[in-house]
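Visitor: Generate coordinates for the sequence data below:
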Amino acid sequence: MIRNISLEEISDGKLYELNDLVKADCNGCEGCFSCCQGMGNSIVLDPLDIYKLIKNLNKSMEELLKDRIELNVVDGIILPNLKMSGSEERCSFLNQEGRCSIHKFRPGICRLFPLGRYYENESFKYFLQVHECKKSNKTKVKVRKWIDTSDIKENEQFIIAWHYFLISIQDKIKQVPDRAKDINMYALGTFFLKPYNYNLDFYTQFHERLNEAKSIIASVV
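Guide: All right, here's what the predicted structure looks like:
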């Protein structure tokens, strides 16, 4: 999701790398789940998020779309997001005790929060969102530890590839707006609806699909 605001407005003005310390540790979020409700359709999911949900919950994409996730248009592209439910607009994966029921395989945006990503020069760095988390007395933690992802380097390369692929789709839709629906349905089917082999490495399968998709979308006229 593109945010057309300056870093100075939303961060402490610093950019962080994996081995930097950042004041982001919310001490287990005890007694707080403010960031898990009232988020509208802003918790956008990428192919790895959907892969993990399907694999760990043993549910198909179609089953998840019934009550757990939904599809919305984000910057001109159809993408899935976590669904907020009930009068309090709580995340559909939040349990009665206000805790995340999928914490071990939570989506990348949730894993990152309250950090964000600043993309530049075909890469990105992390920044701290200073107005988003309501927890006080946060402590410093190494970015790598906070993100808690064992295959972090592969994960970062996936995130970069996916981000810039979405930008290329946006550019293509601007060039051929009458083909927007076709492009969207192709990307949705390729990366989210077409099942992955859950016994094989995700990243290998993703990059195979990405290479094919780049070629096909580039040829759209």
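
Visitor: which residues does the nearest residue to residue 68 once chain neighbours are set aside contact?
Guide: Nearest residue to residue 68, sequence neighbours excluded (Cβ to Cβ, 6 or more residues apart in numbering): residue 92, at 4.8 Å. For every residue, glycine as well, the C-beta is placed using N, CA and C. Contacts for residue 92 (Cβ atoms under 8 Å, 6 or more residues apart in numbering) come out as 67, 68, 69, 82, 83, 84, 85.

Visitor: from the residues you listed, which ones fall inside helices?
Guide: The helices, defined by DSSP state H, take in residue 67 from those.

Visitor: will you turn the contacts of residue 92 into CSV that also has distance to residue 140?
Guide: Below are those laid out as CSV (distance: Cβ to Cβ, whole Å):
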residue, distance to residue 140
67, 38
68, 34
69, 33
82, 28
83, 34
84, 31
85, 35
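
Visitor: Of the contacts of residue 92, just say which sits nearest to residue 200.
Guide: residue 69 (23.2 Å; Cβ to Cβ).

Visitor: Pick out the lowest-pLDDT one from the contacts of residue 92.
Guide: Lowest pLDDT of these: residue 85, 89.

Visitor: what's near enough to touch that residue?
Guide: Counting by Cβ under 8 Å, 6+ apart, residue 85 touches 67, 91, 92.

Visitor: ok, residues contacting the worst-scoring helix or strand of the chain on mean pLDDT?
Guide: Lowest mean confidence among the helices and strands of the chain (mean pLDDT, DSSP states H and E): helix 7-10, at a mean of 76. For helix 7-10, contacts defined as Cβ under 8 Å, 6+ apart pick out 3, 13, 15, 116, 118, 127, 129, 130, 131, 132.

Visitor: Need the per-residue pLDDT for the nearest residue to the third one once chain neighbours are set aside.
Guide: Residue nearest to residue 15 in three dimensions, not counting chain neighbours: residue 125, with 4.1 Å by Cβ to Cβ, 6+ apart. For residue 125, the pLDDT comes out at 96.

Visitor: that older thread, out of the contacts of helix 7-10, the closest to residue 189 would be?
Guide: residue 3 (27.7 Å).

Visitor: So for the closest one, what's the pLDDT?
Guide: Reading off the model, residue 3 has pLDDT 62.

Visitor: try the one 3 residues further on
Guide: pLDDT, residue 6: 73.

Visitor: For residue 14, see how far away it is.
Guide: Per Cβ to Cβ, to the nearest Å, residue 6 is found 14 Å from residue 14.

Visitor: So between the two, which is more surrounded?
Guide: residue 14 (12 against 9; other Cβ atoms under 10 Å).

Visitor: pretty sure that one belongs to a helix, no?
Guide: No - under DSSP: H, G, I helix; E, B strand; the rest coil, residue 14 falls outside any helix and is assigned coil.

Visitor: any idea how far it is from residue 22?
Guide: Residue 14 is 8 Å from residue 22, by Cβ to Cβ.

Visitor: Now the common contact residues for those two.
Guide: Joint contacts of residue 14 and residue 22 (Cβ under 8 Å, 6+ apart) are residue 128.

Visitor: Looks to me like residue 53 is in a helix.
Guide: Yes - under three-state DSSP, residue 53 falls within a helix.

Visitor: contacting residues for it?
Guide: Per Cβ under 8 Å, 6+ apart, neighbours of residue 53: 45, 59, 64, 68, 69, 102, 105, 107.
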